[in-house]
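Enquirer: show me how the following folds:
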Amino acid sequence: MLIGPADLFDDPAFDRARSTANEVADYMRRHGPFEPGRLGPNEMEYTTIGPVLKKLESRFSSIAN
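Expert: Reported below is the predicted structural model:
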């Protein structure tokens, strides 16, 4: 019989893994914002990325400080 949800990671044995994951996440955040990797603009010529970016342009904001 199922009794309900159980957090299998709610155990002191996972404390070190959680700590390491938090350190790695903090390290990655210190690198600042980044974009997903993709082809260069000249190789994206035959995709729909141009029209899509143009359509979404009003939603973009500058990340420069």
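
Enquirer: which helix is the longest one in this structure?
Expert: helix 15-29 (DSSP state H).

Enquirer: which positions in the helix or strand that that one is followed by come out as buried?
Expert: Stepping forward along the backbone from helix 15-29, the first helix or strand reached (DSSP states H and E) is helix 49-56. Buried residues in helix 49-56, counting neighbours by 16 or more other C-beta atoms under 10 Å, are absent. The way it works is simple: take the backbone N, C-alpha and C, and place the C-beta from them, glycine included.

Enquirer: offset the numbering so it begins at 8, please.
Expert: Got it, first residue is 8 now, which makes that one helix 56-63.

Enquirer: restricting to C-alpha, output helix 56-63 in PDB.
Expert: Extracted as PDB, the C-alpha positions of helix 56-63 are listed here (Å, rounded to 0.1, in the frame of the first residue of the first chain):
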ATOM      1  CA  ILE A  56      16.200  32.100 -35.700                       C
ATOM      2  CA  GLY A  57      16.300  35.500 -37.500                       C
ATOM      3  CA  PRO A  58      12.500  36.000 -37.700                       C
ATOM      4  CA  VAL A  59      12.100  34.600 -34.200                       C
ATOM      5  CA  LEU A  60      14.600  36.900 -32.700                       C
ATOM      6  CA  LYS A  61      13.100  39.900 -34.500                       C
ATOM      7  CA  LYS A  62       9.600  39.000 -33.200                       C
ATOM      8  CA  LEU A  63      10.900  38.700 -29.600                       C
END
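
Enquirer: starting at the chain centroid, how far to it?
Expert: Computed by C-alpha atoms, centre = their mean, to the nearest Å, the separation of helix 56-63 from the middle of its chain amounts to 21 Å.

Enquirer: what's that helix in contact with?
Expert: Counting by C-beta atoms under 8 Å, 6 or more residues apart in numbering, the neighbours of helix 56-63 from elsewhere in the structure are R45, M51.

Enquirer: ok so, going back, which elements pack onto the longest helix of the chain?
Expert: If you count contacts as 3 or more C-beta pairs under 8 Å, 6 or more residues apart in numbering; DSSP states H and E, helix 22-36 packs onto no helix or strand.
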